[in-house]
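Asker: Kindly return the folded structure for what I paste below:
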Amino acid sequence: MYLNCHTYYSLRFGTFSEIELLALAQKNDIKKLVLTDINNTSAYLNFVRKASDYNVQPVLGIDFRNGAKQQFVGIAKNNNGFQQLNAFLSQHLHEKMPFSDNAPELEDTYFIYPFSQLQFIEKTDFKPNEFIGISTNDLKRLPFSVLSKQTEKLVIMQSVSFRNKRDHNAHRLLRAIDNNCLLSMLPHEEQASLDEKMIPINELKAHFSEWPSAIKNTQQLLDECHVNFDFSKNRTPQNLKVYGNSIEEDEKLLDQLCEEGLPKRYENPDKDIKARLKKELDLIKKMGFVSYFLINWDIINYAKRQGYYYIGRGSGANSIVAYLLGITDVDPMELDLYFERFINTHRANPPDFDIDFSWHDRQDVTRYIFERFDHVALLGTYVTFKYRGVVRELGKVFGLPKSEIDMLSQGNYQYQQLDEMSKLVLKYGSLIQGMPNYVSIHAGGILISDKPLSYFSATNLPPKGFPTVQFDMIIAEDVGLFKFDILGQRGLAKIKEALKIIAYNQPEKSDFDIHDIKRFKKDKKINNLIKTAQCMACFYVESPAMRMLLAKLEVDNYLGLVAASSIIRPGVAKSGMMREYILRHRQPGRTEQYAHPKMLEIMPDTYGIMVYQEDVIKVAHYFAGLDLGEADVLRRGMSGKFRSREEFKRVEEKFMSNCHEIGYAQKLIDEIWHQISSFAGYAFAKGHSASYAVESYQTLFLKAYFPLEYLVATLNNGGGFYRPEMYIHEARMLGATIEPPCINNSFNENSITKTTIYLGFGYLKELEKRVIERILIDRSNSGHYKSLEDFIDRVTISIEQLSILIRVNAFRFTNTDKYELLWEAHLKIAPTKNIIDHPKLFPSHYKNYEIPSLTTTDLEAAFDQIELLEFPLCSPFLLLKEKLANENGAKDLSKFLNKFIDIYGYLVTVKNTNTHTGKQMHFATFIDQQGQVFDTVLFPPVARKHRFTGKGVYRCYGKVVSEFGFLSIEVIKMRKEAMIQDPRYADEKQEMTP
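Answerer: All right, here's what the predicted structure looks like:
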């Protein structure tokens with residue numbers, strides 16, 4: 001009898017989940033009901049999946065509204081009708097069209113007009129599939145309406161949006177947020193009535209006792225509606241089943257591609273390689289995953305034709321077939337990668353390929369996929385209301401001033417001292433925190449389906465311009481849709497651009513193969529960079545934490561880097577096994593003493609410690625006796641939404657009971673379970689780590705042999721872990737001369753000539769893009785500028801924009817002080833708001849003024865650079881107010897081991913973390929006076945007392961300690977050093993002193 005039910009996926013309107021709706025139906029003895037979210041279908045597949053658990057038959061529809069105004073409700077008779085409704089909704093969402101007053105003509109659907117809407121549009125003529133929806137509130141007006149005579153068209157449409165008054169309060173807050181208005185100013189028509197609640201079926205029928213035809217019509221309508229999706233364990237995958245013309249052709253093509261790839265990857269393939277290939281091919285065909293491999297191969301082939309760089313990672317790198325097809329460059333035989341992590345007969349979902357492309361190329365690859373295949377959409381994800389966002393939104397809804405909103409969102413308050421309005425914000429914030437706010441786009445997931453995606457969901461059309469389904473990855477897998485991950489990263493763009501820069505800056509050395517990973521793995525110079533942790537700008541290995549781990553593990557080879565890439569993940573550290581791994585690595589005999597024999601047997605290469613995702617499968621299978629399918633459920637269940645699933649709970653119980661039956665001690669069971677639960681969702685598959693290590697080696701090669709070109713490429717692609725200033729510093733330390741932007745030599749991006757790096761105009765945040773374009777086009781057409789006057793004649797520019805260029809000393813080729821140039825510019829260009837946007841036909845004639853001789857000090861130049869570039873090009877230690885008390889640096893740490901040191905450092909980065917008791921502490925990295933890096937740790941008592949307040953030089957006093965040979969300083973006290981007064985505004989000019 002309930003034809004119009006909403007969940008909180010009726011975004012900024014509904015107030016509870018689809019599961020809570022089913023529980024509500026069960027409570028009120030409702031056996032069949034229709035989910036009709038407002039202009040959204042996010043909840044539908046999970047609603048159908050879970051309905052039987054609550055003894056409910058699900059029916060699907062859509063509540064079509066313009067804003068809060070209900071136009072009509074569409075209900076699907078069957079799956080075909082649901083697809084039609086989705087297609088109709090998608091068209092309106094894509095084109096941002098309002099819904100008309102009249103429903104479309106769609107087969108296999110019913111449409112119900114709300115009684116109040118019909119009175120407004122004066123509709124009295126209805127098609128066979130159209131009805132009049134009457135709520136309990138409408139019963140007061142129905143007898144007085146001409147519609148009352150159309151008894152064959154009357155149906156009960158009692159909307160369900162709330163369970164209680166609390167839900168209604170949350171609804172009103174959501175509506176105020178959506179309307180961006182004060183709660184007290186929320187229009188009545190923008191909110192639903194408190195009466196939109198579910199009541200027991202007998203009570204609902206009692207309300208309509210005088211209208212038996214409405215009861216009968218409603219029941220008949222419901223009886224006609226059935227939808228079904230297969231969520232069984234052995235469900236048929238819904239991905240594109242055939243790549244070519246038939247399954248037989250696909251299988252033949254896959255065999256052929258592997259045969260062609262074999263000699264390219266292995267000079268002399270032995271029997272183990274051939275046996276592994278046969279095993280994989282047999283299983284891939286048996287599981288029906290041939291098209292999945294061929295689609296990925298197709299995508300990779302397109303990228304190769306375009307000259308795009310890519311890296312195939314994820315568990316797909318565990319496959320020799322993927323290696324032979326060129327989807328990945330990781331050799332699974334070399335690393336003994338566990339194929340069962342990738343595919344096994346107990347696993348319903350297909351293998352998982354993550355393919356990274358340059359952030360420049362990814363959009364075109366995505367476009368190709370949408371044009372190449374018929375039924376394609378991006379995967380959705382949900383952005384939920386988080387604490388800070390909720391507080392900020394509700395602060396506005398309740399009319400709080402910005403200062404109070406900031407205080408509440410940052411948590412800087414004592415609850416007892418808050419006024420009543422602030423307490424209301426916190427109280428009501430809890431009502432909507434965690435609810436979905438809007439549907440967004442998954443980081444890289446693309447669905448390529450056998451059926452139109454409208455069979456499963458409506459689609460949005462985000463700014464990227466590609467249709468996006470309204471459900472997430474978990475639900476997609478439930479129904480048999482498995483994503484292709486097409487991701488963008490800057491690391492590949494850095495490699496590609498570095499090669500271009502090398503080709504013009506050192507052409508005589510550019511004849512090398514960046515994909516010759518086998519040679520790189522043996523290169524002593526590269527491996528020494530890893531061992532000494534000199535990895536700034538190198539993919540995945542440049543962070544302070546990774547640098548520290550590499551030093552502690554004494555990594556100097558590819559396999560060691562593969563392990564480190566997964567060990568650094570938060571799960572391994574959280575379980576306490578990162579430290580244990582280092583101990584077992586460095587202390588012979590410790591492994592045999594502490595590792596359980598079974599764990600050591602399962603994972604001999606990692607000292608009996610779980611490091612990779614597949615280790616969870618191995619331990620669950622070989623240690624606890626779960627089958628491979630159950631083991632994979634365990635692996636998946638350790639992260640996110642899946643952990644609350646019944647499937648996971650059942651497997652967890654079986655893990656425990658199996659371990660008890662085998663006879664393991666409870667302490668050991670708890671310890672192993674703690675390791676699994678701590679890290680499985682935060683660890684890499686070994687193939688994934690190996691793929692990352694391949695890219696790391698490529699960047700390490702460039703850093704080892706072409707450091708300046710590679711650093712320029714790094715800067716031009718958004719840097720990496722550190723801010724641009726640090727990469728510029730690194731380039732200087734490696735012999736580069738750093739020049740500020742130059743009107744005759746700079747481009748929008750950074751450029752290099754031999755060892756001189758010219759910073760790009762793009763660093764000048766206030767310089768307009770159109771001005772940069774004008775300069776570069778004119779310079780390209782007419783050559784270098786001869787003087788400031790020549791520049792003014794050739795480039796249309798305002799005095800404000802020209803002043804930026806002069807202040808950064810971009811006209812230094814004139815050998816005229818920039819203060820004099822500023823005088824000259826102001827005399828020749830009048831301030832104006834309207835700049836004529838076309839070149840001058842004739843050169844201007846200027847009066848020659850006698851300009852006084854002026855000089856700019858180095859300190860003034862440094863402060864101009866800080867203002868314009870956001871960092872100085874001189875040493876920051878030269879800008880301190882007080883003279884440095886010592887010259888201690890990183891080179892001195894070994895002399896002060898277990899002693900106290902007083903040291904100055906320019907802050908590079910701070911990592912804030914919490915101890916196991918929840919107290920905050922910091923790890924901070926600095927650059928010393930000589931330009932070398934050192935690391936510090938501030939434990940909670942010190943962290944509470946001494947706080948970091950942004951960039952600058954800090955004076956640290958603490959004890960030098962060594963952990964596995966890695967030296968750092970345990971800070972006892974710290975202060976930020978004051979900078980000199982800005983000399984540009986001082987009474988007297990200051991000179992820079994060394």
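Asker: Can you get me the start-to-end distance on stretch 511-528?
Answerer: One end of stretch 511-528 sits 23 Å from the other (C-alpha to C-alpha, to the nearest Å).
Asker: just the helices in the stretch 151-300 of the chain please.
Answerer: 165-179, 201-207, 212-223, 247-265, 271-287, 290-306 (DSSP state H, counting those that start in this stretch).
Asker: now those in JSON lines, with distance to residue 585?
Answerer: Backbone N, C-alpha and C define where each C-beta goes, glycine included. Listed next are these as JSON lines, based on distance: least, C-beta to C-beta, whole Å:
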{"stretch": "helix 165-179", "distance to residue 585": "52"}
{"stretch": "helix 201-207", "distance to residue 585": "66"}
{"stretch": "helix 212-223", "distance to residue 585": "65"}
{"stretch": "helix 247-265", "distance to residue 585": "31"}
{"stretch": "helix 271-287", "distance to residue 585": "28"}
{"stretch": "helix 290-306", "distance to residue 585": "36"}
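Asker: can I get those helices in JSON lines with mean pLDDT?
Answerer: Formatted as JSON lines, the helices of the stretch 151-300 of the chain follow (pLDDT from 0 to 100):
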{"stretch": "helix 165-179", "mean pLDDT": "95"}
{"stretch": "helix 201-207", "mean pLDDT": "93"}
{"stretch": "helix 212-223", "mean pLDDT": "97"}
{"stretch": "helix 247-265", "mean pLDDT": "96"}
{"stretch": "helix 271-287", "mean pLDDT": "92"}
{"stretch": "helix 290-306", "mean pLDDT": "95"}
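Asker: Can you tell me which of these is nearest to residue 22?
Answerer: Nearest to residue 22 among the helices of the stretch 151-300 of the chain is helix 201-207; the distance by C-beta to C-beta comes to 15.0 Å.
Asker: which residues are contacting the closest one?
Answerer: 1-2, 28-30, 136, 139, 156, 158, 215 (C-beta atoms under 8 Å, 6 or more residues apart in numbering).
Asker: Output that helix as CSV, restricted to C-alpha atoms.
Answerer: The C-alpha trace of helix 201-207 is given here as CSV (Å, rounded to 0.1, in the frame of the first residue of the first chain):
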residue,chain,number,x,y,z
ILE,A,201,-1.2,-1.6,7.1
ASN,A,202,-4.6,-2.1,8.8
GLU,A,203,-4.6,1.5,10.1
LEU,A,204,-3.8,2.8,6.6
LYS,A,205,-6.7,0.8,5.2
ALA,A,206,-9.0,2.1,7.9
HIS,A,207,-8.3,5.7,6.8
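Asker: Please identify the buried residues of it?
Answerer: 201, 204-205, 207 (16 or more other C-beta atoms under 10 Å).
Asker: ditto for stretch 800-807
Answerer: 801-807.
Asker: if we can go back for a sec, need the max-distance pair from the contacts of helix 201-207.
Answerer: So, those by C-beta to C-beta: farthest apart are 29 and 139, at 22.1 Å.
Asker: Compare neighbour counts for those two and give me the winner.
Answerer: Shown here are residue 29 and residue 139; by other C-beta atoms under 10 Å, residue 139 has more neighbours (15 against 10).
Asker: Make sure the more buried one is indeed in a helix.
Answerer: Yes - counting by DSSP: H, G, I helix; E, B strand; the rest coil, residue 139 is found in a helix.
Asker: got the contact list for it?
Answerer: 207-208, 211.
Asker: quick revisit: now a PyMOL select for only the buried ones of the contacts of helix 201-207.
Answerer: Selection command for PyMOL covering only the buried members of those, criterion 16+ other C-beta under 10 Å:
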select buried, resi 1+2+28+30+136+156+158+215
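Asker: Spatially nearest residue to residue 944, not counting backbone neighbours?
Answerer: residue 920 (7.6 Å; C-beta to C-beta, 6 or more residues apart in numbering).
Asker: Per-residue pLDDT of that neighbour, please?
Answerer: Looking at residue 920, its pLDDT is 92.
Asker: for it, what are its contacts?
Answerer: Residue 920 touches 912-914, 940, 943-944, counting by C-beta under 8 Å, 6+ apart.
Asker: now residue 132, what's its secondary structure?
Answerer: Applying three-state DSSP: residue 132 is strand.
Asker: Please look at residue 703 and residue 528 and confirm they touch.
Answerer: No - counting by C-beta atoms under 8 Å, residue 703 stays clear of residue 528, with 11.5 Å between them.
Asker: between those two, which one's more packed in?
Answerer: Regarding residue 703 and residue 528, a neighbour count based on other C-beta under 10 Å identifies residue 703 as having more, with 28 against 13.
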